[in-house]
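Participant: Fold the stuff below for me.
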Amino acid sequence: MKHGIEAIQAQFGLRAPTFERSAYWIADAGLLAAHVAACRAPLDGRLLDVCCGTGLVGSAFRGRVGTLVGLDITEEMLAQARQKLDECWRGSVYEMPFEDRSFDVATCRETLHLMEHPMKALREMFRVLKSGGQAIVSHIVPYGALDAPWMRQVFLTKQPLARFFFLQEDLLDMLGQAGFEGLSTSEYTLWESINLWIDTDETPPAARNEIENLFRNAPPQVAKTHPFEVRPDGEIRDCWRWIIVSGIKPSTAG
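Facilitator: Prediction:
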């Protein structure tokens with residue numbers, strides 16, 4: 001099995017041709033707006049979209065931040081991101097090709113769990129941010145302790161290359177350990193077609209069947225805590241809970 005950067009490259013490179021259509025949440029206008037709403041950067045500031053993919057997250061900040069810069073590791077992603085962002089750089093999240101204090105805001109959505117060393121990536125975000133700069137990080141998280149083990153099983157079955165499954169408190173703790181202060185969160189919920197979400201090249205047929213069965217046979221405590229529905233036609237819909245975390249690099253930091 002491939003690990004670290006190779007694993008991420010294998011996954012996103014494979015999905016590149018249909019990436020934006022592989023889940024509703026990727027292009028959801030409300031979720032993108034929630035990221036922009038968290039922004040505290042100056043209007044003429046510079047934004048770094050970490051693991052920019054096709055550039056959707058970064059491009060949502062168009063008009064809110066002056067310059068939009070993307071970072072990713074595959075040419076498939078960067079070729080699409082260049083159509084939306086002002087600059088695109090190819091490079092590792094562990095050794096970002098930028099000087100210290102280059103950006104006013106850095107954002108990263110739903111990719112930390114794929115990284116072998118997510119804390120190293122967060123510390124790199126901290127390094128390239130100016131003093132007083134802002135990190136905006138978001139992930140799908142469980143509703144609480146009752147649905148967390150079940151949801152972890154769903155996610156790790158769907159994404160064999162995933163290394164972690166984060167709770168809300170994990171995200172806050174990691175940003176704090178990376179040096180960010182003034183942590184705050186906002187929440188966004190979104191109904192998603194599970195059938196679409198699992199119908200990707202990265203998810204083998206056996207895993208798709210297992211995920212469908214996890215929903216159909218979910219324990220009663222999960223069904224009471226975590227909104228989802230199995231429709232008469234067989235479609236499964238889940239209400240993802242997104243947490244958008246904001247952290248500030250202390251003005252005294254170098």
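Participant: where exactly do the helices run in this protein?
Facilitator: 4-15, 24-27, 29-37, 56-59, 75-81, 118-128, 148-158, 168-177, 194-198, 205-216, 220-225 (DSSP state H).
Participant: Glu95 is nearest to which of the ones you listed?
Facilitator: If you check each of the helices of the chain against Glu95 by Cβ to Cβ, helix 118-128 wins as the nearest, at 7.1 Å. Heads up, the C-betas are built off the backbone N, CA and C, glycines and all.
Participant: could you check the angle helix 168-177 makes with that closest one?
Facilitator: 50 degrees (axes from the mean of the first three to the mean of the last three Cα atoms, to 10 degrees).
Participant: I'd like the average pLDDT over helix 118-128.
Facilitator: Throughout helix 118-128, pLDDT has a mean value of 97.
Participant: Just the CA atoms of it, as CSV, please.
Facilitator: Only the C-alpha atoms of helix 118-128 are listed here, as CSV (Å, rounded to 0.1, in the frame of the first residue of the first chain):
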residue,chain,number,x,y,z
PRO,A,118,-1.3,16.1,9.5
MET,A,119,0.3,18.1,12.3
LYS,A,120,3.4,18.7,10.0
ALA,A,121,1.1,20.2,7.4
LEU,A,122,-0.6,22.4,9.9
ARG,A,123,2.7,23.7,11.2
GLU,A,124,3.7,24.5,7.6
MET,A,125,0.5,26.5,7.3
PHE,A,126,1.5,28.3,10.5
ARG,A,127,4.9,29.0,9.1
VAL,A,128,3.8,30.5,5.8
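Participant: if we look at that helix, which residues are touching it?
Facilitator: 48, 50, 93-96, 98-103, 106, 108, 112, 115, 135, 137, 164, 174-175, 177-180, 249, 253 (Cβ atoms under 8 Å, 6 or more residues apart in numbering).
Participant: Mark which of those residues are part of strands, please.
Facilitator: Leu48, Val50, Phe103, Ala106, Cys108, Ala135, Val137 (DSSP state E).
Participant: The fifth one reaches Val137, doesn't it?
Facilitator: Yep, that's Cys108 we're talking about. Yes: judged on Cβ atoms under 8 Å, Cys108 makes contact with Val137 at a distance of 5.1 Å.
Participant: Buried among the contacts of helix 118-128? Need that as a selection in PyMOL.
Facilitator: With 16 or more other Cβ atoms under 10 Å as the criterion, this PyMOL line picks the buried residues out of these:
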select buried, resi 48+50+93+96+98+101+102+103+106+108+112+115+135+137+164+174+175+178+179+180+249+253
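Participant: Show me the shaky parts of the stretch 151-254 of the chain.
Facilitator: Low-confidence segments of the stretch 151-254 of the chain, defined by pLDDT under 70: 254.
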